[in-house]
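A.B. asks: Need a 3D model of the following:
(one chain, ligands or ions: 3)
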Amino acid sequence: MTLFSDLPTVRFEGPETTNPLAYRHYDPDRVVLGRTLRQHLRLAVCYWHSFVMNGADPFGAPTIARPWMTGEPMAAARAKADAAFDLFRVLDVPFYTFHDRDIAPEGDGLAATLRNTRAVGDYLGEKQAASGVALLWGTANLFSHPRFMAGAATNPDPDVFAWSAATVKTALDVTHQLGGANYVMWGGREGYETLLNTDLKRELDQMGRFLSLVVDYKHRIGFAGPILIEPKPKEPTKHQYDFDAATVYGFLRHYGLEKDVKLNLEENHALLAGHSFEHEVAVANAYGIFGSLDVNRGDPLLGWDTDQFPSDASQLTLAFHEMLKGGGLTTGGLNFDAKIRRQSIDAEDLVHAHVGGIDICAEAFLKAARLVEGGGLAGPVSERYAGWSAPDHAARGATLEEVAAAAEARAVSPQPRSGRQERLETVVARA
Ligand code: XLS
Ligand code: NI
Ligand code: NI
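C.D. replies: Ligands and ions are numbered 1, 2, ... in the order given. Below you'll find the model as predicted:
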């Protein structure tokens, strides 16, 4: 018996259904643009917000109690896994994600901790085999324990760098063993509060070296999926080194890692960086480093990482449209890096949150797919740049003098043309 045992698997019933625990838009078998929605969306439930988060905040004690939150830690970890896979069954999602510390407790020292990770990893392998649910990505929690308060790879203490290396090695081993499609690194505390105590260049070099070690190791063990960096501009530190997609690309180029490492982009991290989600996806595509998405939403009135479930399809449509322009998801997926609010204390709240979020993703995706199929945006964009296909225009390979001479020789001056923004916004609104 788990908390979710009594709930039937949520099914597609169409937009007219009144059943709150049915999908209205997410029809996993529906074929769009040559693939089923299940294949396109590659939905994943995250372990940390759904099974670890207890509602505590800086002002108050935990509000959410689950049976696996007490008792002997390894037995509790298995009970948590049972409940997690039961929720995956209820939601009918193909993937999940975890940090090492979400699935297994810290032990007495490093070796015991790594043993715990591997042992629960084995147990998850059995659960995956029995259910068919697969691992979208694994990651290591290098930010919660006080030893990481000054960073993991960027820590001033080389012993913390080494501890982090051991932790990531095991998390990657377990991810590999479980057939994980990607491995994620979010630099939770890789950043700084003040330059008064920080050697920024040294920390960046440490981070570059750490990532190079991980990439080398991934190749040695034959882990085929990409390593994904998850950018975030701030929180928990004031200045996070992986600020946004463009910053991470510059970092990867500097350390020669741009071929091996891609991005896991999160909606609310984009907003915190002063970007839209679609901007981050477009930048990742432009540099060829798009990997996966963490779907959630922030609150414009708050300004921190509130990690709420998506509730408005229009917030995701353009990001999915950019994603489709880049060819859609390959190894990546849509991971609900989202948590229920502190007052949503019932296990069923978790189910409603995911069902609503999944439907919003499907609705937004279907809209984005209609935009691609209708060509209502692609046409005007290629028209806008059509001048670049004229053979004599600023020909590639021409020197500055040649381009200048060609401009001078032209009889007519360039004529301004409308950017047609409102027309295009209406195309999106009506899709
Ligand atoms: C935190 C991040 C985190 C990563 C995984 O803001 O979003 O949850 O996705 O470490
Ligand atoms: Ni986040
Ligand atoms: Ni995230």
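A.B. asks: mind listing what the residue in the stretch 101-250 of the chain positioned nearest to ligand 3 touches?
C.D. replies: Of all residues in the stretch 101-250 of the chain, E230 sits closest to ligand 3, at 5.4 Å by CB to the ion. Bear in mind the C-beta positions are built from the backbone N, C-alpha and C, glycine included. With contact set as CB atoms under 8 Å, 6 or more residues apart in numbering, E230 has these partners: 184-187, 242, 263-266, 269, 294.
A.B. asks: what does L135 give?
C.D. replies: Contacts for L135 (CB under 8 Å, 6+ apart) come out as 95-98, 124, 128, 175, 178-181.
A.B. asks: Show me how to select, in ChimeraX, the buried members of these.
C.D. replies: Buried residues within these, by 16 or more other CB atoms under 10 Å, are selected in ChimeraX with:
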select :95,96,97,98,124,128,175,178,180,181
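A.B. asks: circling back: and the pLDDT for the residue of the stretch 101-250 of the chain closest to ligand 3?
C.D. replies: pLDDT, E230: 98.
A.B. asks: That one and ligand 2, how far apart?
C.D. replies: Distance of E230 to ligand 2, computed by CB to the ion, to the nearest Å: 8 Å.
A.B. asks: Could you do L257 as well?
C.D. replies: 22 Å.
A.B. asks: Am I right that that residue sits in a helix?
C.D. replies: No: the assignment for L257 (DSSP: H, G, I helix; E, B strand; the rest coil) gives coil, which keeps it out of a helix.
A.B. asks: Mind listing the residues bridging to I227?
C.D. replies: Counting by DSSP bridges, I227 is bridged to Y183, V261.
A.B. asks: and stretch 132-139, which residues are buried?
C.D. replies: Neighbour-count burial for stretch 132-139, counted by 16+ other CB under 10 Å, picks out 133-139.
A.B. asks: Ok, stretch 280-293 next?
C.D. replies: In stretch 280-293, counting by 16+ other CB under 10 Å, buried: 280-285, 287, 289-293.
A.B. asks: Show me which of the residues you listed is closest to ligand 2.
C.D. replies: Lowest distance from ligand 2 to these (CB to the ion) belongs to L293, with 11.8 Å.
A.B. asks: Helix or strand: which one has that closest one?
C.D. replies: Using DSSP states H and E, L293 falls within strand 290-295.
A.B. asks: what's the next secondary structure element after that strand?
C.D. replies: Counting by DSSP H and E, the next helix or strand C-terminal to strand 290-295 is helix 314-325.
A.B. asks: ok, the residue of the chain found nearest ligand 2 - contacts?
C.D. replies: Proximity to ligand 2, evaluated over the chain using CB to the ion, is greatest for D305 at 4.5 Å. Residues near D305 by CB under 8 Å, 6+ apart: 232, 235, 268-269, 272, 298.
A.B. asks: In those, which residue is surrounded by the most others?
C.D. replies: H269 (29 neighbours; other CB atoms under 10 Å).
A.B. asks: Surely that one and K232 touch.
C.D. replies: Yes: between H269 and K232 there is a contact under CB atoms under 8 Å: 4.2 Å.
A.B. asks: can you map out the helices along the stretch 101-250 of the chain?
C.D. replies: Secondary structure of the stretch 101-250 of the chain (DSSP state H, counting those that start in this stretch): helices located at 110-131, 158-177, 200-221, 245-254.
A.B. asks: Near ligand 3, which residues of the stretch 301-431 of the chain are found?
C.D. replies: D337 (CB under 5 Å from the ion).
A.B. asks: One more pass at 8 Å, please.
C.D. replies: Contact residues (CB under 8 Å from the ion) of the stretch 301-431 of the chain with ligand 3: 307, 335, 337.
A.B. asks: what does the stretch 301-431 of the chain have sitting close to ligand 2?
C.D. replies: 305, 307, 337.
A.B. asks: ok, so of those, who is nearest H25?
C.D. replies: Set against H25, the nearest of those by CB to CB is D337 (20.7 Å).
A.B. asks: My read is that that closest one contacts L293, right?
C.D. replies: No: the pair D337 / L293 is not scored as a contact, 9.1 Å apart, by CB under 8 Å.
A.B. asks: Mutual contacts of those two, please.
C.D. replies: Joint contacts of D337 and L293 (CB under 8 Å, 6+ apart) are E266.
A.B. asks: State the pLDDT value of D392.
C.D. replies: On the pLDDT scale, D392 gets 65.
A.B. asks: Also V283?
C.D. replies: On pLDDT, V283 comes in at 99.
A.B. asks: For ligand 1, what is the nearest residue in the stretch 1-150 of the chain?
C.D. replies: Taking CB to the nearest ligand atom, ligand 1 has its nearest neighbour within the stretch 1-150 of the chain at T139, 5.1 Å off.
A.B. asks: shouldn't that residue be in contact with Y183?
C.D. replies: Yes: the pair formed by T139 and Y183 meets the contact definition of CB under 8 Å, at 6.9 Å.
A.B. asks: Can you check which residues contact both of those two?
C.D. replies: With CB under 8 Å, 6+ apart, T139 and Y183 have common neighbours A171.
A.B. asks: how much space between the residue in the chain that ligand 1 sits nearest to and F143?
C.D. replies: Of all residues in the chain, W186 sits closest to ligand 1, at 3.5 Å by CB to the nearest ligand atom. As for W186, its distance to F143 is 8 Å (criterion: CB to CB, to the nearest Å).
A.B. asks: A431 too?
C.D. replies: Distance from A431 to F143, counting by CB to CB: 39 Å.
A.B. asks: One more: T399?
C.D. replies: Taken as CB to CB, the span from T399 to F143 is 51 Å.
A.B. asks: Kindly report the same for F223.
C.D. replies: F223 is 23 Å from F143, by CB to CB.
A.B. asks: before we move on, back to that, between W186 and F143, which has more neighbouring residues?
C.D. replies: Per other CB under 10 Å, whichever of W186 and F143 has more neighbours is W186, with 23 against 18.
A.B. asks: gap between the closest residue to the residue of the stretch 1-150 of the chain closest to ligand 1 other than its chain neighbours and A245?
C.D. replies: Computed as CB to CB, 6 or more residues apart in numbering, the closest residue to T139 that is not its neighbour in sequence is V184, at 4.2 Å. As judged by CB to CB, V184 and A245 stand 15 Å apart.
A.B. asks: Name all residues that make contact with the nearest residue to A166 once chain neighbours are set aside.
C.D. replies: Take A166 and drop its neighbours on the chain: the residue closest to it by CB to CB, 6+ apart is L110, 6.0 Å away. By CB under 8 Å, 6+ apart, L110 lies in contact with 163, 166-167.
A.B. asks: And what about the nearest residue to A347 once chain neighbours are set aside, helix, strand or coil?
C.D. replies: Nearest non-adjacent residue to A347, counting by CB to CB, 6+ apart: L3, 4.1 Å away. What three-state DSSP gives for L3 is coil.
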